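*Asks:* next input, structure requested:
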Amino acid sequence: MTNPQILIAEDEKHTRLALHLVLRQAGFGVILTTNGRDAYEKIRQQPASHPIGLIITDLKMPELDGLGLIDKLQEANIRIPIMVITGYGDKELLRQLRKRGCASYIDKPFIPAEVLNRIAGVLPHALAVA
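*Replies:* Numbering: from 1, shown residues only. Predicted coordinates:
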């Protein structure tokens, strides 16, 4: 059994690359996108033989933000767990995310071990998370 693929939708280059490094070292396949529109297209084009097991999305992105991506996935009846990572979190945002069914939330800047622990909570059968 291999770890699922994780799609990262993040417009900040350094955050995107840091997440990529953390996840690859943990044994996950990683798909990188820079905005919600590109993330949505990659999700729709992903072959069933290599499904995406988790989406990690920023909220503030150009073209289609994280909440827009979540809404678009729900409208299309695409059910993939979503973890939001943002530097703009507050209690109202957390309520909105829970209402939309988000699996987890992480503040920026993030701690790699925290990201992996949150993934373990969302994807308990992922092998690489210790």
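*Asks:* alpha carbons only for contacts and neighbour counts from here, please
*Replies:* Will do.
*Asks:* and for Ala48, the neighbour number?
*Replies:* By other Cα atoms under 10 Å, 7 other residues sit near Ala48.
*Asks:* am I right that it sits in a strand?
*Replies:* No. Per DSSP: H, G, I helix; E, B strand; the rest coil, Ala48 lies outside any strand segment and is coil.
*Asks:* report pLDDT for it.
*Replies:* In this model, Ala48 is scored at 85, pLDDT.
*Asks:* could you pull up phi and psi at it?
*Replies:* When quoted as degrees, to the nearest 10, the phi and psi of Ala48 stand at phi -60, psi -20.
*Asks:* in the chain, which spans are helices?
*Replies:* Applying DSSP state H to the chain gives helices spanning 13-25, 36-45, 66-75, 91-99, 112-122.
*Asks:* as JSON lines, these with mean pLDDT, distance to Lys60 and mean neighbour count would be great.
*Replies:* Below are these laid out as JSON lines (pLDDT from 0 to 100; distance: least, Cα to Cα, whole Å; neighbours: other Cα atoms under 10 Å):
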{"stretch": "helix 13-25", "mean pLDDT": "96", "distance to Lys60": "13", "mean neighbour count": "16"}
{"stretch": "helix 36-45", "mean pLDDT": "97", "distance to Lys60": "10", "mean neighbour count": "17"}
{"stretch": "helix 66-75", "mean pLDDT": "95", "distance to Lys60": "7", "mean neighbour count": "17"}
{"stretch": "helix 91-99", "mean pLDDT": "84", "distance to Lys60": "12", "mean neighbour count": "12"}
{"stretch": "helix 112-122", "mean pLDDT": "93", "distance to Lys60": "19", "mean neighbour count": "16"}
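*Asks:* so can I have CSV of those showing distance to Tyr105?
*Replies:* Below are the helices of the chain laid out as CSV (distance: least, Cα to Cα, whole Å):
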stretch, distance to Tyr105
helix 13-25, 14
helix 36-45, 17
helix 66-75, 12
helix 91-99, 8
helix 112-122, 8
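*Asks:* for Pro81, find the nearest of these.
*Replies:* Pro81 sits nearest to helix 112-122 of all the helices of the chain, at 7.3 Å, using Cα to Cα.
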